[in-house]
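In: I'll drop the sequence and a predicted model, then ask my questions.
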Number of protein chains: 2
Amino acid sequence: MFRLVVVWCILLCTQIVIAFGSKTRHFKWEVEYMFGAPDCMEHVVMGINGQFPGPTIRAKAGDTIAIQLTNKLHTEGVVIHWHGIRQLGTPWADGTASISQCAINPGETFLYRFKVDKAGTYFYHGHFGMQRSAGLYGSLIVDVGDGEKEPFHYDGEFNLLLSDWWHQSVHDQEVGLSSKPFRWIGEPQTLLINGRGQYNCSMAAHFSNSSIKQCKFRGNEQCAPQILRVLPNKTYRLRIASTTALASLNLAIGSHKMVVVEADGNYVQPFDVDDMDIYSGESYSVLFTTNQDSSKNYWISVGVRGREPKTPQALSILNYRPTSASKLPLSPPPITPKWNDYNHSKSFSNKIFALMGSPKPPKTYQRRIILLNTQNTINGFTKWAINNISLTLPATPYIGSIKFSLKTAFDQKSPPENFSEDYDVMKPPVNPNSTTGNGVYMLGFNTTVDVILQNANALSANVSEIHPWHLHGHDFWMLGYGEGKFSKMDKKKLNLKNPPLRNTAVIFPYGWTALRFVADNPGVWPFHCHIEPHLHMGMGVVFAEGIQHVRNIPNEALACGLTGKTFMKNEGN
Amino acid sequence: MFRLVVVWCILLCTQIVIAFGSKTRHFKWEVEYMFGAPDCMEHVVMGINGQFPGPTIRAKAGDTIAIQLTNKLHTEGVVIHWHGIRQLGTPWADGTASISQCAINPGETFLYRFKVDKAGTYFYHGHFGMQRSAGLYGSLIVDVGDGEKEPFHYDGEFNLLLSDWWHQSVHDQEVGLSSKPFRWIGEPQTLLINGRGQYNCSMAAHFSNSSIKQCKFRGNEQCAPQILRVLPNKTYRLRIASTTALASLNLAIGSHKMVVVEADGNYVQPFDVDDMDIYSGESYSVLFTTNQDSSKNYWISVGVRGREPKTPQALSILNYRPTSASKLPLSPPPITPKWNDYNHSKSFSNKIFALMGSPKPPKTYQRRIILLNTQNTINGFTKWAINNISLTLPATPYIGSIKFSLKTAFDQKSPPENFSEDYDVMKPPVNPNSTTGNGVYMLGFNTTVDVILQNANALSANVSEIHPWHLHGHDFWMLGYGEGKFSKMDKKKLNLKNPPLRNTAVIFPYGWTALRFVADNPGVWPFHCHIEPHLHMGMGVVFAEGIQHVRNIPNEALACGLTGKTFMKNEGN
């Protein structure tokens, strides 16, 4: 009994310390379009408070973030999704138009108020139309709470937010994707590191045979590269997140090894790599030690994987002080592994395990949903579909229409749990026709759900692409990857011992990916390919759970569509 | 007594005939972006049901128009204004974002239901951001009711909707106008007639010394010119409306005189002209007789006035059957009067009088509002201001915030009725500073209001521009124009005898324009410069009258901003 009281006391004290240590961090943000030159070419970009990328949020685990977001766009709505934050108790703050809230109208302000409960490397981005591609993104870094410690040591840290950039406007890209005949957005013109890239020059021009000219920077140009200034013989943490619209990336630091220690805001069993793959929607922390010749500088290179690259590497400089930052590295930048060397990618993914002591998955699932992704044509439009349904989001956010049983707001029929057994994932679809829909997978509250993502051949023969799928509202256990069609036999290959917790799962070409999560977070949560045009083309599904426990949805989140129409009571009109 | 009964019977019968003859015309429209080539160069345009310009509405006086407008844009709201329709009893259908309704959100449908009570040449266009410039417009033609007759004869008619076109996207234009330093949109690349123009070729190249190449058309190209096919010795009605974003225009038909018979949906005393000026927001009907050599074709030319033209004339062909339409006219196109020959413009405006028998204005005004327009700088941004206030529309539509007395929704202070007496309209502003605001001129219901629009010098010396001001919800009597600052003496020059009814009034450089209307239409009505970037820069005011009589505003029109927040009653949330 006495022991119990002591334990109780300790627990209580911890809670009090956390409560006193944590605080609410207030921000006032305005989203607007502005002129910028992220890759040295002028373009309209989406900015926040005049900044592109948006301001970095830095908080401590347990803090509450309160962002008053004002939409200063002229005709477009806007929302911001806090990628990797589970929104426990605040599902209306997830920032997904048509799902968790009505888009914020021009001139209006919405308060995003949510807790960042877990230390890690996160980011935020637009989640309406293709506004993420337009530049609406930034970093969200959560440090450990006061008195807590990271399970690894480092002397300093850097933050690299990776993205890709097009010279065609996002508005025009959207029209092309929705046109008959279909117009694909093509490969990005430039890769950006912290919103900076070089299109019309290269820092490594002298190593290349092409006619591109050598960049000359004073350093204060918007497209001048990020310089990482380090001291010799120290250990640094590099936080890396990818918010690319399309590109799968690979990052390497010339002559330096990296130790991966965090993935998607969860600690992993540390492992060494020379280079690392990162897919859109993922974040990592790696440690590196400045144990090389300190009279030299080194490249940090980011190149394209998974698609035949037509975009040059992005480059940053690792600058050993007191060497001048303008002294270029003497060797060429690290070579990005061949784009279709998928074994290299899989080898990296298969090295990721949860740090010892991390939460373990339930031993069995209660529901298993198998999601086949196929490329299709619907009335001549090119789409992506899941189990033959291409997601088209409704005008009324699900959070309101499900909670208040507005049955005409979306398809009431649950989407399929599986696909036809005789579907050949290795070949183009025999019947590429499909349908659009917006039905919801209603998940039993607190049930354990397994999802098998099944890749397939696209419309063209011998094409199957990488898709990084991001789940909102949860971390899931990444149970494993496999080749071909998932079968009963594959069940044995799943890792239930130390699977890492993630929020983004990649499916490799012609392969499957298995994950497990507990549907314990009341809300409506999309699960979708994080490639912006793929989501735009319907590549996603919607999960809902415990909606009866969702309370206090702000009125502004519901003042559109059917919820707006139904709940407007303006007596005397 | 018997006479009275007879009169009453006749009146009743007329009403019954009108009621039986009139009908409700239903339309289902979808607004979307699409690829087009209005001037032979591909560009994204706003279309309705896949058409650019949007479909022409044709109705009879007394009909009800019911348009279910669905927003198929990805992230932008949309509204459509029915330019020239007074919206008697349906002020919420005027289609002005922030004023008469909340913008229609993506995926949502709004029902515009209103009566077209008066025959005439009208048009419709977007009224949110600069969506009109993006191509959201079309014609609205109201014929006389059954059994009614036009006060002039014609054998056939044509409809020409004039506009101007830029290769820079409207989104980028908006950013430029709101940037520091200010970036002006420049002159249009092309003038369009019914959405058709030629940028990279000219039909009259052989008459010009420039190197532009001769157009070759099969006729079915999107940018092929409109051909007006006529028979000899007939009289045709040409309906002309201008929805330009910027350009003031002049139209002429080679070798043909025109007789002006209608202006802004009101009959005028017929008068002859060789060419006619038309400002953005105006519409006219002219008659012409095909009394020329029928073995030839003739140009219809449209050129720029009021700004130094950098845009070639738009050309159409008047084709005398059975002459081939491909036979080009033998003379060069009519020469547009010199851009700054304002006497020519004034001479045209001063010829317009109401058709005999038209309603006459009240003899005196009860309130006079003098509106000085000035170009200003506010915190380094370039703006237009009226009596030193630059209009910035609120997030909550006035129709709701005024009706329900939501006092924080907009500036409660009434804007000034006049400007400082010592302001020198002939010189750049001594203090170019100004403020933004969104106050409303509350007009006593049924009062007679005079407005004096006062032009002035812009920011640069020796610059004063033409501004065509459009009033919503009313026709006004155009009482007169004058030079310099309006003074007491000018009162005598006003035409109270036969002023034409209009909905758009031009102010000439350094001049004033006087108009009168009766505030008898319950609603909120903007009055603004119809030049799209000028309105965007704040050049407008808002009138409100008889709001207590506004009834049955659709919920969807109020489900945004403060009305949305205030009237959402979702019990059980």
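Out: That came through fine. Numbering: from 1, shown residues only, chains lettered A, B, ... in the order given.
In: could you check the pLDDT of A:M568?
Out: pLDDT, A:M568: 83.
In: if it is in a bridge, with which residues?
Out: A:M568 has these beta-bridge partners by DSSP bridges: B:M568.
In: mean confidence (pLDDT) on stretch A:355-368, please.
Out: For stretch A:355-368, the per-residue pLDDT averages 97.
In: mind listing what's buried along that stretch?
Out: A:355, A:358, A:361, A:365 (16 or more other CB atoms under 10 Å in any protein chain shown). Any C-beta I mention is one placed from the backbone N, CA and C, and that applies to glycine too.
In: what residues does the stretch 451-573 of chain A have near chain B?
Out: A:536, A:551-553, A:555-556, A:558-561, A:563-565, A:567-570, A:572-573 (CB under 8 Å from any CB of the partner chain).
In: from those, list just the buried residues.
Out: Buried among these by 16+ other CB under 10 Å: A:536, A:553, A:555-556, A:558-561, A:563-565, A:567-568, A:570, A:573.
In: straight-line length of stretch A:147-159, end to end?
Out: Length of stretch A:147-159, first residue to last, CA to CA, to the nearest Å: 23 Å.
In: strands of the stretch 201-350 of chain A, start to end?
Out: For the stretch 201-350 of chain A, strands defined by DSSP state E, counting those that start in this stretch occupy the ranges A:227-230, A:235-242, A:248-253, A:258-263, A:266-273, A:275-278, A:283-289, A:297-305, A:314-320.
In: make CSV out of the ones you listed and add mean neighbour count and mean pLDDT.
Out: Output for the strands of the stretch 201-350 of chain A, formatted as CSV (neighbours: other CB atoms under 10 Å in any protein chain shown; pLDDT from 0 to 100):
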stretch, mean neighbour count, mean pLDDT
strand A:227-230, 20, 98
strand A:235-242, 22, 98
strand A:248-253, 25, 98
strand A:258-263, 21, 98
strand A:266-273, 17, 98
strand A:275-278, 22, 98
strand A:283-289, 23, 98
strand A:297-305, 25, 98
strand A:314-320, 24, 97
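In: output those as a markdown table; include the columns distance to A:G480.
Out: Output for the strands of the stretch 201-350 of chain A, formatted as a markdown table (distance: least, CB to CB, whole Å):
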| stretch | distance to A:G480 |
| --- | --- |
| strand A:227-230 | 35 |
| strand A:235-242 | 22 |
| strand A:248-253 | 20 |
| strand A:258-263 | 15 |
| strand A:266-273 | 15 |
| strand A:275-278 | 17 |
| strand A:283-289 | 19 |
| strand A:297-305 | 21 |
| strand A:314-320 | 31 |
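In: quick one: A:L562 is in a helix?
Out: Yes: the assignment for A:L562 is a helix, going by DSSP: H, G, I helix; E, B strand; the rest coil.
In: domain parsing for chain A?
Out: Following automatic domain parsing, chain A resolves into domains at A:22-143, A:156-349, A:367-564.
In: just say which of those domains is most tucked in.
Out: When you average the neighbours per residue for each of these (mean count of other CB atoms under 10 Å in any protein chain shown), domain A:22-143 leads with a mean of 22.
In: can you give the distance from that one to the centre of its chain?
Out: Averaging C-alpha positions (CA atoms, centre = their mean, to the nearest Å) puts domain A:22-143 13 Å from its chain's average.
In: quick check: closest non-adjacent residue to A:R218.
Out: Of all residues not flanking A:R218 in the chain, A:A224 sits nearest, at 7.4 Å (CB to CB, 6 or more residues apart in numbering or on different chains).
In: look up phi and psi at that neighbour.
Out: phi -70, psi 150 (degrees, to the nearest 10).
In: you'd agree it is up against A:F217?
Out: Yes: with contact defined as CB atoms under 8 Å, A:A224 reaches A:F217; the gap is 4.1 Å.
In: which of the buried residues of stretch A:355-368 sits closest to chain B?
Out: Here the nearest of the buried residues of stretch A:355-368 to chain B, counting by CB to the nearest CB, is A:Y365; it sits at 32.5 Å.
In: show me what contacts the closest residue in space to that closest one that isn't next to it in sequence?
Out: Closest residue to A:Y365 apart from its sequence neighbours, by CB to CB, 6+ apart: A:D450 at 3.8 Å. The contact partners of A:D450, taken as CB atoms under 8 Å, 6 or more residues apart in numbering or on different chains, are A:365, A:367-369, A:479, A:514-516.
In: return the residues of the stretch 101-250 of chain A in contact with chain B.
Out: Near chain B, when you scan the stretch 101-250 of chain A using CB under 8 Å from any CB, you find A:102-103, A:105-108, A:128-131, A:169, A:171-172, A:174-176, A:178-179.
In: swap in 7 Å and give it another go.
Out: Within the stretch 101-250 of chain A, the positions lying close to chain B (CB under 7 Å from any CB of the partner chain) are A:103, A:105, A:107-108, A:128-129, A:131, A:169, A:171-172, A:174-175, A:179.
In: those strands in the stretch 51-200 of chain A, which residues are they?
Out: A:57-60, A:64-71, A:80-83, A:109-115, A:120-126, A:137-143, A:156-165, A:190-193.
In: in JSON lines: those, plus mean pLDDT and distance to A:G444.
Out: Output for these, formatted as JSON lines (pLDDT from 0 to 100; distance: least, CB to CB, whole Å):
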{"stretch": "strand A:57-60", "mean pLDDT": "98", "distance to A:G444": "33"}
{"stretch": "strand A:64-71", "mean pLDDT": "98", "distance to A:G444": "30"}
{"stretch": "strand A:80-83", "mean pLDDT": "98", "distance to A:G444": "25"}
{"stretch": "strand A:109-115", "mean pLDDT": "98", "distance to A:G444": "25"}
{"stretch": "strand A:120-126", "mean pLDDT": "98", "distance to A:G444": "28"}
{"stretch": "strand A:137-143", "mean pLDDT": "98", "distance to A:G444": "30"}
{"stretch": "strand A:156-165", "mean pLDDT": "98", "distance to A:G444": "37"}
{"stretch": "strand A:190-193", "mean pLDDT": "98", "distance to A:G444": "42"}
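In: which one of the ones you listed lies nearest to A:L443?
Out: strand A:80-83 (20.2 Å; CB to CB).
In: now the helices for chain A?
Out: Under the criterion DSSP state H, chain A contains helices at A:2-21, A:170-177, A:342-349, A:398-403, A:532-536, A:561-567.
In: lowest confidence element among the helices and strands of chain A?
Out: helix A:2-21 (a mean of 57; mean pLDDT, DSSP states H and E).
In: now A:V259, nearest residue through space, not along the chain?
Out: A:V259 sits nearest to A:L287 (CB to CB, 6+ apart), 4.4 Å away.
In: wait, doesn't the one you found sit right on A:V260?
Out: No: judged on CB atoms under 7 Å, A:L287 makes no contact with A:V260 at a distance of 8.3 Å.
In: low pLDDT regions in the stretch 351-500 of chain A?
Out: For the stretch 351-500 of chain A, no stretch has pLDDT under 70.
In: show me what residue of it gets nearest to chain B.
Out: Counting by CB to the nearest CB, the stretch 351-500 of chain A gets nearest to chain B through A:A395 (3.3 Å).
In: and the buried residues of stretch A:355-368, which is closest to A:A314?
Out: Checking these one by one against A:A314 (CB to CB), the nearest turns out to be A:L355, at 29.7 Å.
In: dump the residue contacts of the closest one.
Out: A:151, A:267-269 (CB atoms under 7 Å, 6 or more residues apart in numbering or on different chains).
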